[in-house]
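whatever this is, show me its structure:
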Amino acid sequence: MIDHRIVDTGTDPIGNARRMMNGMNHDILVATGYSRHLAREFFNCPILTEIKAFAQGAAYFYPECQTVIDIGGQDCKVIRIDNGRVEDFEMNDRCAAGTGKFLEVMAHTLGYPIDKFGMAALAAADSVNINSMCTVFA
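Model prediction:
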């Protein structure tokens, strides 16, 4: 990986993507995620599913990694990998729109920086199940 940037898409995803891309080398761009086809249209770049991107990224940064868990804004995924190759994956089967944002808001509400929220959860004496249904109904 040479460079990366993360921004909330907001109400102007293409405009935000263009601003984010300002100053970046478009020759090395690969788009992933649910809007990858839209990014390919506007930036003429190759695309990759986020599942493959997670597997390759995990293998690059953590060669011994065998499992990736993604609690995203649209769904949740558990990916089993072997040397950067996807062996198997499971996704929730119900709407989970907002799951990642929900956890982000809860971390903020409870006074945790998002990068410390997971470690605090792992240190808890008891656990609470989070189901796979939409956070609006959960």
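
how does this protein divide up, domain by domain?
1-48, 66-138 (automatic domain parsing).

model confidence over the longest one, on average?
In other words, domain 66-138. Across domain 66-138, the average pLDDT comes to 81.

quick check, distance from that domain to the centre of its chain.
Centroid separation between domain 66-138 and its chain, computed with Cα atoms, centre = their mean, to the nearest Å, is 10 Å.

just the shortest one next, same as before
Taking Cα atoms, centre = their mean, one finds domain 1-48 lying 14 Å from the centre of the chain it belongs to.

tell me which stretches of this protein form strands.
Assigned by DSSP state E, the strands in the chain fall at 67-71, 76-82, 85-91.

relative to Asp70, how far out is the nearest residue to Ala55 once chain neighbours are set aside?
Once flanking residues are discounted, Ala55 sits nearest to Ile81: 4.4 Å by Cβ to Cβ, 6 or more residues apart in numbering. Yep, even glycine has a C-beta here, placed from its N, CA and C like the rest. Using Cβ to Cβ, to the nearest Å, Ile81 is found at 12 Å from Asp70.

what's the answer for Ile79, then?
With the distance defined as Cβ to Cβ, Ile79 ends up 7 Å from Asp70.

check Pro46 too.
For Pro46, the distance to Asp70 (Cβ to Cβ) stands at 21 Å.

neighbour-wise, which of these two wins?
Comparing Pro46 with Asp70 by neighbour count (other Cβ atoms under 10 Å), the higher total belongs to Asp70, at 16 against 11.

for the more buried one, give its distance to Ala120.
To Ala120, Asp70 is 19 Å away according to Cβ to Cβ.

which parts of the chain are helices?
Applying DSSP state H to the chain gives helices spanning 13-21, 36-43, 50-61, 99-109, 114-122.
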